[in-house]
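Student: the following block contains a protein sequence and its predicted model.
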Amino acid sequence: MLVKCSTVVILGTAALMLMAGCTSKSKSTPRSAAPSSGPAAASPTSSSVTGTWQGYAGVGARSTSVTLNLRQEGEALKGNLAVGGRPDLSGPVTGRIEGDTLRLRLDSGAVGPEVRVQGDTMTGMVSGEPLNVRRAR
């Protein structure tokens, strides 16, 4: 009897984990009008990232303001990055967007942030610190 009960508990737990995984994926999966034909077709960047994005980089007392102005043409990006108190991480940028990943490089040659775009939010890392920006309205 003990073997049957533990088997039921294990199978029940596995089923709940699978259901939770399916639920969380369906909430974060972008929807598009066109049918998906691969990773690029499921790109949430069907809308442009052109515009102003504002937020913060860092944590707690080490956080600083970030403003990102972007202009997107296809997968190519151009713009300006301003990281408060960090002229080494600020200035004109160029980059690319591939799927939901945006990669930037400062014109000075420094590697800029790599972020994930989710609707009106971008999250990622800049100079080893977490970066969170939202599209300005």
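Tutor: Perfect, I can see it now.
Student: drop to CA atoms for contacts and neighbour counts, all remaining ones
Tutor: Will do.
Student: beyond the strand or helix carrying residue 104, next helix or strand please.
Tutor: Assessed by DSSP states H and E, residue 104 sits inside strand 101-106. Following strand 101-106 in sequence order, the next helix or strand is strand 111-118 (DSSP H and E).
Student: now that following strand: mean pLDDT?
Tutor: Mean pLDDT, strand 111-118: 90.
Student: using CSV, write out every CA atom in that strand.
Tutor: Provided in CSV are the C-alpha atoms of strand 111-118 (Å, rounded to 0.1, in the frame of the first residue of the first chain):
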residue,chain,number,x,y,z
VAL,A,111,30.3,46.6,-25.5
GLY,A,112,26.9,47.9,-24.5
PRO,A,113,24.1,46.1,-22.8
GLU,A,114,22.5,42.9,-24.1
VAL,A,115,18.8,42.9,-23.1
ARG,A,116,15.7,40.9,-23.6
VAL,A,117,12.7,42.8,-25.0
GLN,A,118,9.3,41.9,-23.7
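Student: so what are the sheet partners of the next helix or strand after it and their directions?
Tutor: Moving toward the C-terminus from strand 111-118, the next helix or strand (DSSP H and E) is strand 121-126. Strand 121-126 has the following strand partners under DSSP bridges: strand 111-118 (antiparallel), strand 129-135 (antiparallel).
Student: with mean neighbour count added, can I get these in CSV?
Tutor: Below are the strands paired with strand 121-126 laid out as CSV (neighbours: other Cα atoms under 10 Å):
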stretch, mean neighbour count
strand 111-118, 20
strand 129-135, 19
